[in-house]
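In: For reference, the sequence and a predicted model appear below.
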Amino acid sequence: MRVSETMSVADILGQWPETARVFIRRGMACVGCAMAPFETLAQAANYYGIPPDVLWAEVESVVAPSAGADPPNA
């Protein structure tokens with residue numbers, strides 16, 4: 001399974017805990033946030049003023065090696 005911009009932040013963090021470092025590095029309070037189960041990756045990106053495709057690529061770059069998938073734009 002790959003990360004989708006429509007997945008909830010909680011689902012992403014639950015399935016790939018290593019992605020927490022992306023949110024933390026970006027100064028996003030998504031890790032442990034009460035809204036994480038209800039907010040999609042794209043919504044979180046927009047809230048923090050990050051282009052959704054940029055945040056998706058950062059999250060995917062952490063997930064791809066563990067999932068055995070190709071990195072984005074490979």
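Out: Noted; the coordinates are in hand.
In: what helix or strand is the closest residue to Ala29 other than its chain neighbours on?
Out: Once flanking residues are discounted, Ala29 sits nearest to Phe23: 8.0 Å by Cβ to Cβ, 6 or more residues apart in numbering. For every residue, glycine as well, the C-beta is placed using N, CA and C. Phe23 belongs to helix 20-25 when assigned by DSSP states H and E.
In: and the lengthiest helix in the chain, what other elements does it pack with?
Out: When the chain is parsed with DSSP state H, its longest helix is helix 52-67. Helices and strands touching helix 52-67, by 3 or more Cβ pairs under 8 Å, 6 or more residues apart in numbering; DSSP states H and E, are helix 20-25, helix 41-47.
In: got a list of what Ala42 touches?
Out: For Ala42, the contacting residues are Glu5, Thr6, Pro52, Trp56, by Cβ atoms under 8 Å, 6 or more residues apart in numbering.
In: And Tyr47, by the same measure?
Out: Applying Cβ under 8 Å, 6+ apart to Tyr47 gives the contacts Glu39.
In: What of Met7?
Out: Applying Cβ under 8 Å, 6+ apart to Met7 gives the contacts Thr40, Leu41.
In: From Val22, how far out is it?
Out: Met7 sits 14 Å away from Val22, going by Cβ to Cβ, to the nearest Å.
In: next one: Leu55
Out: Taking Cβ to Cβ as the measure, Leu55 falls 7 Å from Val22.
In: and what of Ala42?
Out: In terms of Cβ to Cβ, Ala42 sits 14 Å off from Val22.
In: Most neighbours of all the contacts of Ala42, which one?
Out: Neighbour tally across these (other Cβ atoms under 10 Å): the maximum, 21 neighbours, falls on Trp56.
In: That one is in contact with Arg2, isn't it?
Out: No. Contact criterion Cβ atoms under 8 Å: Trp56 and Arg2 do not qualify, at 9.9 Å.
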